[in-house]
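# Sharing a model that was predicted from the sequence below.
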Amino acid sequence: MTYVVTEACIKCKFMDCVEVCPVDCFYEGENMLVINPSECIDCGVCEPECPAEAILPDTESGLEQWLELNAKYSAEWPNLTAKKDAPADADEHKGEEGKFDKYFSAEPGEGD
């Protein structure tokens, strides 16, 4: 088992999860974070920290595409080990539906 970041993170990019991760398995894209599934130790401390409820265990059904996306982009995007401020408009996008099709960017973020 591992944890994955889902569509709910897009354009919200709260980073409370990064701060509590004991193994630094978060990677930063332009407008979302992902978890490297092979680095995640399944501790689950990140899940309750996410205000957007974007982090879920991969044991929940229907998350295969998110597991693939997390694996792919964690290999391409820079590692993130310290919390940064969320985007100024993050709260406006919290809970919004269809964010992947509207906003997803494959561009990397800045990382540490």
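Great, that's in hand. Numbers count the residues shown, from 1 in each chain.
# How far off centre is the lengthiest helix in the chain?
If you go by DSSP state H, the chain has its longest helix at helix 64-74. Its chain's average C-alpha position is 10 Å from that of helix 64-74, according to C-alpha atoms, centre = their mean, to the nearest Å.
# Next: stretch 85-94.
14 Å.
# Could I get the full set of strands for this protein?
Using DSSP state E, the strands of the chain run over 3-5, 26-28, 33-35, 55-57, 79-80.
# Turn those into CSV, including mean pLDDT and mean neighbour count.
For glycine as for every other residue, the C-beta is placed from the backbone atoms N, C-alpha and C. CSV is the format used below for the strands of the chain (pLDDT from 0 to 100; neighbours: other C-beta atoms under 10 Å):
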stretch, mean pLDDT, mean neighbour count
strand 3-5, 98, 26
strand 26-28, 98, 25
strand 33-35, 98, 26
strand 55-57, 97, 18
strand 79-80, 98, 19
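# For residue 43, which of those is the nearest?
strand 3-5 (8.6 Å; C-beta to C-beta).
# mind listing what the closest one pairs with, with the direction of each?
Here strand 3-5 has these sheet partners by DSSP bridges: strand 55-57 (antiparallel).
# And the contacts of the partner strand?
Applying C-beta atoms under 8 Å, 6 or more residues apart in numbering, the external contacts of strand 55-57 come out as 1-6, 9, 17, 35, 42, 44, 46-47, 49, 63, 66.
# returning to that earlier point: include distance to residue 108 when you put the strands of the chain into TSV, please.
Listed next are these as TSV, based on distance: least, C-beta to C-beta, whole Å:
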stretch	distance to residue 108
strand 3-5	15
strand 26-28	7
strand 33-35	11
strand 55-57	20
strand 79-80	11
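# Noted, bye for now.
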